[in-house]
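Peer 1: sequence and predicted structure, then a few things I'm wondering about:
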Amino acid sequence: MNFFFKLVTFIFIFIVSLVQSIESVRNVKSFKLNEKIIYDCVDIYKQPSLSHPLLKNHKIQIAGVRSQDEGPYHGLAAWMSVHDLNISRDQASYANIYVGSGYNKKTNFIQTGWMVNPSLFDDGRTWSYGFWKGANGAGCYNTICPGFIQVSTTDPLSVPFPYPRKGDRAVNPSISQDYATGHWWTILIRANKKDINIGYWPKELFDIIGRSVDMVGVTGVVQTSTSGISPPMGNGHLPTQKEDESARVKNLLIVDTKYNFMPSRNYKLEKLLDNNKCYGLKDGKKRIFFKESNLFTYGGPGGDSCGI
């Protein structure tokens, strides 16, 4: 393991330039995406995330996912359609998978997916992202603060989504806990190619999800502007009978107590919908290779008086 990482000397690290003032990332090759976002090429053992005080003795790992049965949970994965939305600067719209637990007024959670958030990225494009909240209320998006350990040399945690040449514009992320180390990995699942191990959130960042979580889910979330107007969610339209015209989630898998990815139909799923005026949520079924794949559609236009 270590031998592999000695061969991989440099990796792309996604850095927000406003907080980039660490000596170890000076005088290195940089790739500028916009006025706020920069990729820096740094030694894997000198990436800023390792400066977190809880990671003083942390070592770089290699991904390892096992499997499980009934809860507690150790992760999940889902295929999600990706969309562009017209969002004002004081609004945001997300679609994500998440894992988390709450205990004695403490909350730990991790989420990843896609978002449109002009105030964070300084543009209106759709980006992949990650977010964590851990011990002592610490946490942040992407690598804005120390914590997330980037491992992939080609795919950062957060990057704008390109337009597809054909077919669906989609992402299939996972969050799964490594059996041996307890670290929480995010891995991009690809149907006809090798999966991409993006990186991981070390277990040392958390105080109540070191061994498992008691809640997993997938959701669309919006952030309302100060004027009270709610932004669109999903693809900006309410779900219809034509599933391919709606924002949708399918192939939801849950990592059980044996560290196995199991179909979500083996579990009881609670539906959550804050407001049925501006947004919708519908069940659906889709046959893939003559087998049923779980599917639900969601989203809506937002607007005034959404109750968000």
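Peer 2: Looks like it came in fine.

Peer 1: what are the ranges of the helices in the stretch 101-250 of the chain?
Peer 2: 118-121 (DSSP state H, counting those that start in this stretch).

Peer 1: quick one, strands of it?
Peer 2: For the stretch 101-250 of the chain, the strands defined by DSSP state E, counting those that start in this stretch cover 106-116, 127-133, 139-141, 149-150, 170-171, 173-177, 184-188, 196-201, 215-223, 247-255.

Peer 1: show me what residue 140 bridges to in the sheet.
Peer 2: Beta-bridge pairing for residue 140 (DSSP bridges): residue 132.

Peer 1: distance of it from residue 195?
Peer 2: Distance, residue 140 to residue 195, by C-beta to C-beta, to the nearest Å: 26 Å. Yep, even glycine has a C-beta here, placed from its N, CA and C like the rest.

Peer 1: can you check residue 305 too?
Peer 2: 43 Å.

Peer 1: the two: who's more crowded?
Peer 2: Between residue 305 and residue 195, counted using other C-beta atoms under 10 Å, the more crowded position is residue 195 (15 against 11).

Peer 1: list the contacts for the more buried one?
Peer 2: 187, 188, 189 (C-beta atoms under 8 Å, 6 or more residues apart in numbering).

Peer 1: same deal with residue 113?
Peer 2: So residue 113 contacts 80, 94, 95, 96, 97, 128, 129, 171, 173 (C-beta under 8 Å, 6+ apart).

Peer 1: which of the residues you listed tops the neighbour count?
Peer 2: residue 95 (27 neighbours).

Peer 1: phi, psi for it please.
Peer 2: Backbone geometry at residue 95, expressed as degrees, to the nearest 10, gives phi -140, psi 130.

Peer 1: got it, and the one 5 residues further on?
Peer 2: Residue 100 adopts backbone torsions of phi -180, psi 170, taken as degrees, to the nearest 10.

Peer 1: ok, it - contacts?
Peer 2: Shown in contact with residue 100 (C-beta under 8 Å, 6+ apart): 107, 108, 109, 110, 209, 213, 214, 215, 216.

Peer 1: tell me the confidence at it?
Peer 2: At residue 100, the predicted lDDT confidence score is 90.

Peer 1: likewise for the one 3 residues further on?
Peer 2: According to the prediction, residue 103 has pLDDT 84.

Peer 1: now swap in residue 272 and tell me
Peer 2: Predicted confidence (pLDDT) for residue 272: 76.

Peer 1: ok, and the closest non-adjacent residue to it?
Peer 2: residue 219 (6.9 Å; C-beta to C-beta, 6 or more residues apart in numbering).
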